[in-house]
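A.B. asks: quick one, what's the 3D model for this:
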Amino acid sequence: MTTYKETQVLDVTGELCPMPVVKTRLALDKLAQGQIIKVIATDVASCDDMPAFARAQGHKLLEARSEKGTYTYWLQKGEGV
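C.D. replies: Numbers count the residues shown, from 1 in each chain. Predicted structure coming up:
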């Protein structure tokens, strides 16, 4: 299991689609390229949405974990599109 040094932790537990992605995008907009955000979600749709969002926006999904209905993502800000 890799440990990441995230710049920000974003807790979107209890939020439903599309809010986890919307809030992640807003948070990433404030970070510098290469910085890492950790996102904690409970919406099962985020399992598909976060990887698709990262690919579409030019960010790197470093890791995704799922444990007991909680989904955790580490995204590294890319150059964007």
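
A.B. asks: let me see the contact set for the nearest residue to Thr13 once chain neighbours are set aside.
C.D. replies: Leaving aside its chain neighbours, Thr13 sits nearest to Thr42 (4.5 Å; criterion: Cβ to Cβ, 6 or more residues apart in numbering). No exception for glycine: its C-beta is placed from N, CA and C like everyone else's. Taking Cβ atoms under 8 Å, 6 or more residues apart in numbering as the criterion, Thr42 is in contact with Val12, Thr13, Gly14, Glu15, Gly69, Thr70, Tyr71.

A.B. asks: can you redo those as CSV with pLDDT?
C.D. replies: Listed next are the contacts of Thr42 as CSV, based on pLDDT from 0 to 100:
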residue, pLDDT
Val12, 98
Thr13, 98
Gly14, 98
Glu15, 98
Gly69, 97
Thr70, 98
Tyr71, 98
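
A.B. asks: quick one: Ala45 and Val21 touch, right?
C.D. replies: No - using Cβ atoms under 8 Å, Ala45 is not in contact with Val21; the gap is 9.0 Å.

A.B. asks: okay, those two: which has more neighbours?
C.D. replies: Just comparing Ala45 and Val21: by other Cβ atoms under 10 Å the higher neighbour count belongs to Val21, 23 against 14.
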